[in-house]
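In: Sequence first, then the predicted structure:
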Amino acid sequence: MLPLNTIAFLVENKAGVLFKVSNMFRRRGFNIESISVGAVEDPQVARMTVSVYADSRELNQIVLQLEKMVDVIKVKRLDPMRSIMREMVLIKLDTVDPMAREETLKHVNAYHGLILHIDPESIIAEITGEPKTIDEFISKTRPIGIEELSRTGVTALEKGYLKL
Amino acid sequence: MSGSKAFVEGLKRENVDIMFGVTGGALLPICDELWGSDLRFVMARHEQGAAHMADGYARALGKVGVCLATSGPGATNLVTGIATANIDSAPVVAFTGQVPLSVVGTDAFQEVDIIGITASATKYNIQVRSPSEIPPAIKSAFHIAFTGRQGAVLVDLPKDCQINVEDIEFPDEVSFRGYNVNMTPDTREMDWAATLLSKARRPVIMAGGGVISSNASPEVIKIADMLMAPVVTSLMGKGSVPSDHPLFAGLCGMHGTGEANMLVSDADVLLVVGARFSDRTTARLEDFSRGAKVIHIDIDRSEVDKNVETVTRVIGDAKLALQGIIERLGKLSYEPRANGDWVKKMKMFKDQYSPHELSDNPHIRAPAVMRALRKALPRDALVTTEVGQCQMWAALYFDAYAPRTFFTSGGLGTMGWGFPAAIGAKAARPDVPVVDIAGDGSFGMTENSLATAVEEDLPVIVVVLNNRMLGMVAQWQRLFYGRRYMAVKLGEYPDFVKLADAYGAVGVRPETIGEFEKAVQTAIDDNLTTVIDVPIDPEENVFPMVPPGKGLRDILVEA
Ligand SMILES: Cc1ncc(C[n+]2csc(CCOP(=O)(O)OP(=O)(O)O)c2C)c(N)n1
């Protein structure tokens, strides 16, 4: 399997740009694992973080093809050793059984998560961490019974003086 | 000022004097504004033709070509033309009418999402949201289409934005944070390239379309002469070095010349200028120029190392890069004469692979037609091609002597491109004869452009190499599919002579090479749109050819 890489880039914050970016990935056959977008301190600019399975040659192409796009302002491959990467998951677990409730609270605690909502049938929890941690959490809670979940995709910042 | 007034004024500010198009409901406000203006509107009979005309115009002049279509089917009809121009890096700006913004997104009558449809077939596209956005959109479109690696840009113009009146300003400049073209090459990159070239024993230069876009032919010739390096071209690079230059070795690739393919395969340093290593040029990638250190000069960074690994790259304008390398080479000690053996080898390859023509065939042979055409035309005549065998015969056997005299749909291989492109080229260069080298199948795809050529007084000559076949596909079926001809026979009709006549053009059918030459001469002298229908052998193959899946060395010169 190809390694998972993270690329962060700034784009013009206007209609259609997300489409054009994702269309480029689709058209060139790059395989997006996750994508997250949001405005930054300058409201004209949005920041995207893409994680993608690619070998180094493909990764190079992705960066260059992104750089070539008129609406893309700046692109950088993130070095995992020099970046903080985070993802959040909202997860709803089936907790009709009191044992399941018990289990859920234990795992959420262990992963420093938050309980956001409790009702007689289910619990919604929030976990934040590296994508690997989220994967782990999901596989641990699977036996309890996942009603549904939603992941945000990775977002990331470089450490120290490093900056996009 | 209304949006459509701003549109016309915006075009004038970009020095546009001609556009090619087909009108329709969503263009009525603009057309009304064009009425009485001094912008020339060349009426195509199909939007695909309009886009190809703009493309031919752009390539012939090195200036942005403009085409125009209405919303919906008008816009979708443009798409092939836009994609063809874009992949060949031709500067074309396409304008499409669109339904009013108030109904955009509702599947209104003649609404298509042309921004979505052309997102990956353009360099950039943009939908205008108000009349005042029209001038900056035009400025941006021309800027982006013409700078850096040139390409196609589409501007979508909703009808209400054409009609409504707003305060409108015309910017002198536009800038994009994400689009900065750096033309100036890095000095260290040029140092390395020059050093590597100075040590080359068997250097070869491969010139691509980028040499033509950046007007770098003199520099390519200069550096070839300095290094005594044979020059090959990609299909798009044809004309960048005159065919009669002693170091010219012809086209490289699937239908390259034997000498070009062997030289590239044997090179120790390969200097590639403004080419992108398409699979038709490299043949089997694993075998491509294996012993060579590759130096790649290109304006588009993303082309470097995309298909072929390079040792050194120079990113920037080809002309500036070559000038820099030439200057450095001049200061380095290298011995071009050491390459004497290499040039001898080139001559040897040339003799070894020189095409032998069969004389016992009663048919007119296509290569002979190409040579006769060359003889009949002045050196500065412009030639476009259609796609298929005709295109490869033209590429191999029609000599081009100057940049911007030979045009072809290289990247997309669009049948039906050559004829409308020739009309656009004629609009650009009315002073010289313009010829489309066509196959009967391709010509059939845009033959309705005859109406435009005749009615708009843009006379071009169409040479139809008529094999009554979709010849190139038939060739593959003959060579690789046991002669099982499926969906390639075109039958007896149309009669192209009568067809020409029906459109008010001249049609002739020469029976011999002598008659053909005479027909070309007459067409040039009379300066009338002329279809020269040349019957050729339906079984004739284009050679040389590298079979699919094989490397450049595995070139076949006959079946
Ligand atoms: C628009 C389009 N449709 C289909 C093809 C596939 N194709 C490539 S060459 C060819 C045959 C071309 O026939 P013709 O124009 O008669 O030229 P010839 O090869 O006979 O010289 C076809 C169908 C194409 N290149 N473009």
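Out: Sure thing, it's come through.
In: What segments of the stretch 251-400 of chain B are strands?
Out: Residue ranges of the strands in the stretch 251-400 of chain B, as given by DSSP state E, counting those that start in this stretch, are B:269-273, B:293-298, B:312-315, B:382-385.
In: What segments of chain A are helices?
Out: In chain A, the segments counted as helices under DSSP state H are A:17-27, A:56-68, A:98-110, A:131-141.
In: Nearest to the middle of chain B, which residue? Look it up for me.
Out: Central residue of chain B (Cα atoms, centre = their mean): residue B:408, 3.9 Å from the mean position.
In: Now do the domain split for chain B, please.
Out: The domain map for chain B lists B:3-163, B:187-352, B:366-535, with the assignment taken from automatic domain parsing.
In: right, I mislabeled it, should have said chain A
Out: Split by automatic domain parsing, chain A gives A:4-78, A:84-156.
In: returning to what we had before: got the contact list for the residue nearest to the centre of chain B?
Out: Taking Cβ atoms under 8 Å, 6 or more residues apart in numbering or on different chains, we find residue B:408 in contact with B:235-236, B:238, B:384-385, B:387, B:391, B:394-395, B:417-418. For the C-beta atoms, the positions are set from N, CA and C on the backbone; glycine is no exception.
In: picking up where we left off before, between the helices of chain A, which one is nearest to the ligand?
Out: helix A:17-27 (20.0 Å; Cβ to the nearest ligand atom).
In: Export only the CA atoms of the closest one, formatted as PDB.
Out: What follows is helix A:17-27 as a C-alpha-only set of coordinates in PDB (Å, rounded to 0.1, in the frame of the first residue of the first chain):
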ATOM      1  CA  VAL A  17     -12.400  26.500  -6.000                       C
ATOM      2  CA  LEU A  18     -13.100  23.400  -3.900                       C
ATOM      3  CA  PHE A  19     -14.700  21.900  -7.000                       C
ATOM      4  CA  LYS A  20     -11.700  22.700  -9.200                       C
ATOM      5  CA  VAL A  21      -9.200  21.300  -6.600                       C
ATOM      6  CA  SER A  22     -11.000  18.100  -6.100                       C
ATOM      7  CA  ASN A  23     -11.600  17.800  -9.800                       C
ATOM      8  CA  MET A  24      -7.900  17.900 -10.400                       C
ATOM      9  CA  PHE A  25      -7.300  15.100  -8.000                       C
ATOM     10  CA  ARG A  26     -10.100  13.000  -9.600                       C
ATOM     11  CA  ARG A  27      -8.900  13.700 -13.200                       C
END
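In: who touches it?
Out: The contact list for helix A:17-27 (Cβ under 8 Å, 6+ apart) reads A:11, A:32, A:35, A:37, A:46, A:48, A:50, A:52, A:62, A:65-66, A:69, A:71-72, B:116, B:119-120.
In: Who are the packing partners of the helix or strand of chain B with the lowest mean pLDDT?
Out: Here the helix or strand of chain B ranked lowest by mean pLDDT, DSSP states H and E is helix B:340-353, holding a mean of 90. The contact analysis (3 or more Cβ pairs under 8 Å, 6 or more residues apart in numbering or on different chains; DSSP states H and E) places helix B:340-353 against strand B:248-251, helix B:258-266.
In: now those in JSON lines, with distance to residue A:106?
Out: JSON lines is the format used below for the helices and strands packed on helix B:340-353 (distance: least, Cβ to Cβ, whole Å):
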{"stretch": "strand B:248-251", "distance to residue A:106": "71"}
{"stretch": "helix B:258-266", "distance to residue A:106": "67"}
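In: To the ligand, which of these lies closest?
Out: With Cβ to the nearest ligand atom as the measure, strand B:248-251 is the member of those nearest the ligand (16.4 Å).
In: Could you pull out the buried residues of the closest one?
Out: Neighbour-count burial for strand B:248-251, counted by 16 or more other Cβ atoms under 10 Å in any protein chain shown, picks out B:248-251.
In: One more: stretch A:151-164?
Out: Buried residues in stretch A:151-164, defined by neighbour count with 16+ other Cβ under 10 Å: A:151-156, A:164.
In: And stretch A:32-39, by the same measure?
Out: By 16+ other Cβ under 10 Å, the buried positions in stretch A:32-39 come out as A:32, A:34-37.
In: Tell me the one of the residues you listed nearest the ligand?
Out: Nearest to the ligand among the buried residues of stretch A:32-39 is residue A:32, at 31.8 Å by Cβ to the nearest ligand atom.
In: pretty sure that closest one is touching residue A:50, no?
Out: Yes. The pair residue A:32 / residue A:50 is scored as a contact, 5.9 Å apart, by Cβ atoms under 8 Å.
In: burial of residue A:56, as a residue count?
Out: Residues near residue A:56, counting by other Cβ atoms under 10 Å in any protein chain shown, number 11.
In: Residue B:340 - how many residues pack around it?
Out: Neighbours around residue B:340, by other Cβ under 10 Å: 11.
In: ok, it touching residue B:201?
Out: No. Residue B:340 lies out of contact with residue B:201 (Cβ under 8 Å); the separation is 10.8 Å.
In: got the contact list for whichever residue of chain B sits closest to chain A?
Out: Proximity of chain B to chain A (Cβ to the nearest Cβ) peaks at residue B:302, 3.6 Å away. By Cβ under 8 Å, 6+ apart, the contact set of residue B:302 is A:61, A:64-65, A:67-68.
In: Quick one: name the residues of chain A near chain B.
Out: With Cβ under 8 Å from any Cβ of the partner chain as the criterion, chain A meets chain B at residues A:11-12, A:16, A:19-20, A:23-24, A:27, A:57, A:60-61, A:64-65, A:67-74.
In: so what strands line up beside the top strand by length along chain A?
Out: Ranked by number of residues, the top strand in chain A under DSSP state E is strand A:83-94. When pairs are called by DSSP bridges, strand A:83-94 turns out to pair with strand A:122-129 (antiparallel), strand A:146-151 (antiparallel), strand A:155-158 (antiparallel).
In: Identify each buried residue in the longest one, please.
Out: For strand A:122-129, the neighbour count (16+ other Cβ under 10 Å) marks A:122-125, A:127, A:129 as buried.
In: and the residues you listed as a markdown table, adding distance to residue B:178?
Out: Shown next, in a markdown table, are the buried residues of strand A:122-129 (distance: Cβ to Cβ, whole Å):
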| residue | distance to residue B:178 |
| --- | --- |
| A:122 | 45 |
| A:123 | 44 |
| A:124 | 39 |
| A:125 | 39 |
| A:127 | 35 |
| A:129 | 32 |
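In: Farthest pair within these?
Out: A:122 and A:129 (21.7 Å; Cβ to Cβ).
In: And residue A:101, how far from residue A:91?
Out: Distance, residue A:101 to residue A:91, by Cβ to Cβ, to the nearest Å: 14 Å.
In: So these two - more neighbours on which side?
Out: Under the criterion of other Cβ under 10 Å, the comparison of residue A:101 against residue A:91 puts residue A:91 first, with 26 against 18.
In: Skipping adjacent residues, who's closest to the more buried one in space?
Out: For residue A:91, ignoring the flanking residues on the chain, the nearest one in space by Cβ to Cβ, 6 or more residues apart in numbering or on different chains is residue A:149 at 4.3 Å.
In: Doesn't residue B:37 belong to a helix?
Out: No. Assigned with DSSP: H, G, I helix; E, B strand; the rest coil, residue B:37 falls outside any helix and is coil.
In: pretty sure it contacts residue B:8?
Out: Yes. Look at residue B:37 against residue B:8 with Cβ under 8 Å: they come within range, at 5.6 Å.
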